[in-house]
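[1] sharing a model prediction with you, sequence too.
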Amino acid sequence: MKKILYLLLAVSIISCNSPNEKGAQNQLDSNIKTISKINGISFVATRDSIDHTAITPVKNYNANYAAIIPYAWMKSLEQPQVNYEENRGWWGEKPHGVASTANHMKDQGIEVLLKPQIWIGRGDYTGNIKLESEEAWKVLEDSYTDYIMRFVHIAAKEKVGMFCIGTELDSFVKERPAYWLQLIKNIRKVYSGKLTYAANWDNYKHVTFWNDLDYVGVDAYFPLSDEKTPNAATLQQNWKKWKDEMKGVSKKYGKKILFSEYGYISADYAGKEPWKNAGEDRAVNEEAQQVLLQGLYDNVWQEEWMAGGFIWKHHAEKSRRRGYEKLFTPQGKKAQVTVTEAYRLSL
């Protein structure tokens, strides 16, 4: 009788570990990981406190993720101190405001990317920080660490799904690689969620610590068209180069690409230099924004290496939307329907 039982057990073990069943289980695991995309909205911090009604419009996009962005600031590219004061600024950027906003999001089934980032002077590009001494770099590192770890602890306490360790800090990343590796280790000791870094579209290939993160974050302002209003054929052709590039980086590191930011202004020539706002010489053009977003969803969103992304951006306060006719937000524009439908299809 014992021999029969042992024989049955052995057959059972062999059967459970057969190549076909292993393959089926691996396929199941893969499917689970790719059931839905990260349908993200970048949520502009509010000046005053909010309740659940401010979150419902985000949910209405069919969003399943939202980025909360508490800013710190530096006076200039040459002055290294990162300044963040809990008692100043808007409610949505203070620790209790960040935590409250995150909880309102999660109450409506929206996961959170906590994405603290720096604003410099009058809007100078953060990737061009230029420091001349070891002492200055040390000031930047120490003050940046204090700022980031403050929100790492909030991310851990509130159990948010993802944390972004930095945004478009090209020169800082290039000049201080050891610092970033140590920062990631320190974050991992406190926070167990997913990690990414938001690299600019023309710099993400040069980041050296993707192996230590969960997603390759790209602020996806790739140039796509010189046309006043792009057409679908142009976009399909011009996405090929960028798709091949991203696929290669994804394969190299074994990580999916996450568009930590993406979007287009609603003005003429929106696809030419998509990172720029429109001047007075460029007219409102909602169709350009809509076509560019549809082109992104048609050509990129369903790629296997594509994790999803966060559209730039949504304003919860009407007072913050003045003069936004040509700005990035899709609110109240043709593009709002485009985003909502694309997100519905990829849930």
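    All right, it came through fine. Numbers count the residues shown, from 1 in each chain.

[2] confidence score at the residue nearest to the spatial centre of the chain?
    Nearest to the geometric centre of the chain sits residue 260, at 2.0 Å (C-alpha atoms, centre = their mean). According to the prediction, residue 260 has pLDDT 98.

[3] for it, phi and psi?
    Torsion angles at residue 260 (phi, psi; degrees, to the nearest 10) stand at phi -60, psi -20.

[4] begin at 11 from here
    Fine by me, first position is 11 from now on; the one you just mentioned is residue 270.

[5] what about residue 171, how many residues close to it?
    17 (other C-beta atoms under 10 Å). Heads up, the C-betas are built off the backbone N, CA and C, glycines and all.

[6] what about this structure, any weak spots by pLDDT?
    Judged by pLDDT under 70, the chain has its weakly predicted residues at 11-45, 329-332.

[7] the strands in it, which residues?
    Counting by DSSP state E, the chain has these strands, from start to end: 48-53, 75-78, 81-84, 121-124, 127-130, 172-177, 204-210, 225-229, 266-272, 316-324.

[8] report the contact partners of residue 354.
    residue 72 (C-beta atoms under 8 Å, 6 or more residues apart in numbering).

[9] now the one 3 residues further on
    With contact set as C-beta under 8 Å, 6+ apart, residue 357 has these partners: 46, 49, 72, 74.

[10] any idea how far the residue nearest to the centre of the chain is from residue 100?
    Shown here: residue 270 relative to residue 100, a distance of 22 Å by C-beta to C-beta, to the nearest Å.

[11] okay, now the closest residue to residue 242 other than its chain neighbours: neighbour count?
    Take residue 242 and drop its neighbours on the chain: the residue closest to it by C-beta to C-beta, 6 or more residues apart in numbering is residue 305, 6.2 Å away. By the other C-beta under 10 Å criterion, the neighbourhood of residue 305 contains 23 residues.

[12] just checking, residue 305 touches residue 234?
    Yes - between residue 305 and residue 234 a contact is recorded at 7.2 Å, counting by C-beta atoms under 8 Å.

[13] now for these two: what residues contact both?
    When contacts are counted by C-beta under 8 Å, 6+ apart, residue 305 and residue 234 are jointly contacted by 240, 245, 249.

[14] identify those among those that sit within helices.
    245, 249 (DSSP state H).

[15] by neighbour count, which of the shared contacts of residue 305 and residue 234 wins?
    Using other C-beta under 10 Å as the neighbour test, the shared contacts of residue 305 and residue 234 are led by residue 240, with 23 neighbours.

[16] who touches residue 157 in this structure?
    Going by C-beta under 8 Å, 6+ apart, residue 157 touches 82, 92, 94, 126.

[17] typo on my end, residue 116
    By C-beta under 8 Å, 6+ apart, the contact set of residue 116 is residue 122.

[18] ends of stretch 260-269, how far apart?
    Across stretch 260-269, the straight-line distance between its terminal residues is 13 Å, by C-alpha to C-alpha, to the nearest Å.

[19] returning to that earlier point: what is the nearest of the shared contacts of residue 305 and residue 234 to residue 283?
    Closest approach between the shared contacts of residue 305 and residue 234 and residue 283, by C-beta to C-beta: residue 240, at 13.1 Å.

[20] what's the closest non-adjacent residue to residue 151?
    residue 189 (5.2 Å).

[21] correct me if wrong: that neighbour contacts residue 148.
    No - contact criterion C-beta under 8 Å: residue 189 and residue 148 do not qualify, at 9.5 Å.

[22] between the two, who's got more neighbours?
    Here residue 189 and residue 148 are set side by side on neighbour count (other C-beta under 10 Å), and the busier one is residue 189, at 17 against 14.

[23] in the protein, where's the longest helix?
    Among the elements of type helix in the chain, defined by DSSP H, the one spanning the most residues is helix 144-168.

[24] just want the angle from that one to strand 172-177.
    With axes from the mean of the first three to the mean of the last three C-alpha atoms, to 10 degrees as the criterion, the two stretches helix 144-168 and strand 172-177 enclose an angle of 170 degrees.

[25] pull out the buried positions in helix 144-168.
    Of the residues in helix 144-168, those buried under the neighbour-count criterion (16 or more other C-beta atoms under 10 Å) are 146-147, 149-151, 153-155, 157-158, 160-162, 164-166, 168.

[26] re the thing from before, residue 282: which of the strands of the chain is closest?
    strand 266-272 (15.9 Å).

[27] in that closest one, which residues are buried?
    Counting neighbours by 16+ other C-beta under 10 Å, one finds that the buried residues in strand 266-272 are 266-272.

[28] would you turn those into a markdown table with distance to residue 322?
    Supplementary listing: these in a markdown table, determined by distance: C-beta to C-beta, whole Å:
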| residue | distance to residue 322 |
| --- | --- |
| 266 | 20 |
| 267 | 17 |
| 268 | 14 |
| 269 | 10 |
| 270 | 10 |
| 271 | 5 |
| 272 | 7 |
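
[29] and which of those residues is nearest residue 60?
    Compare each of the buried residues of strand 266-272 with residue 60 using C-beta to C-beta and the shortest gap goes to residue 271, at 22.0 Å.
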